[in-house]
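I'd like to go over a predicted model; first the sequence, then the structure.
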Amino acid sequence: MKKTNKVTGKKIQVTAASQLQAIRDKFKELKALRTQINGMKALYQQHDILMAELMPLFIEIGADKFIIKREITVGNKKYRFTPFFYDEKKGQVGAKVWKSTAFESGSIE
């Protein structure tokens, strides 16, 4: 297969071997990423445990309702909970939003 070099304008020969090597390199990179991600699973598990322990601090349960507090104060430090299922711009509760974290309910800062 011949392609034109954009810089020089000359025709160059592109071999199937170079295309195969590019694909092999991508598979090799994918395997390395999966290894790295698998190494982080323990961190996600610890994150989920801590989020499950801290989330009840932001939830107040009544007889017929529950209220999610956006901010709590522990000692002299404030912590903020940002739920991912609430759209602040629209002011409404929405469907579950998928994020790239292990715990999708929200973030505590």
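Great, that's in hand.

Tell me which stretches of the protein form helices.
Using DSSP state H, the helices found in the chain span residues 16-39, 41-54.

how about the ones you listed in a markdown table, adding mean neighbour count?
The way it works is simple: take the backbone N, C-alpha and C, and place the C-beta from them, glycine included. Output for the helices of the chain, formatted as a markdown table (neighbours: other CB atoms under 10 Å):
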| stretch | mean neighbour count |
| --- | --- |
| helix 16-39 | 10 |
| helix 41-54 | 12 |
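
need the longest strand for the chain.
strand 77-83 (DSSP state E).

Considering the helices of the chain, which stretch scores lowest in mean pLDDT?
When the helices of the chain are ranked by mean pLDDT, helix 41-54 comes last with a mean of 83.

got the domain boundaries for this protein?
Listed by automatic domain parsing, the domain ranges of the chain are 2-39, 55-108.

who's in contact with residue 69?
By CB atoms under 8 Å, 6 or more residues apart in numbering, the contact list for residue 69 reads 58, 59, 60, 81.

Out of those, name the two that are farthest from one another.
60 and 81 (12.0 Å; CB to CB).

who has more neighbours, these two?
For residue 60 and residue 81, the more surrounded residue by other CB atoms under 10 Å is residue 81, and the numbers stand at 19 against 11.

how close does the more buried one sit to residue 73?
Between residue 81 and residue 73 the computed distance is 12 Å (CB to CB, to the nearest Å).

What pairs with the longest strand of the chain, parallel or antiparallel?
strand 71-74 (antiparallel), strand 106-108 (antiparallel) (DSSP bridges).

tell me, which of these is the model least confident about?
strand 106-108 (a mean of 65).

doesn't residue 72 make contact with residue 57?
Yes. Using CB atoms under 8 Å, residue 57 makes contact with residue 72 at a distance of 5.7 Å.

overlap in contacts of those two?
residue 79.

ok so, going back, could you export the contacts of residue 69 as JSON lines, including distance to residue 35?
Converted to JSON lines, the contacts of residue 69 look like this (distance: CB to CB, whole Å):
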{"residue": "58", "distance to residue 35": "36"}
{"residue": "59", "distance to residue 35": "38"}
{"residue": "60", "distance to residue 35": "43"}
{"residue": "81", "distance to residue 35": "34"}
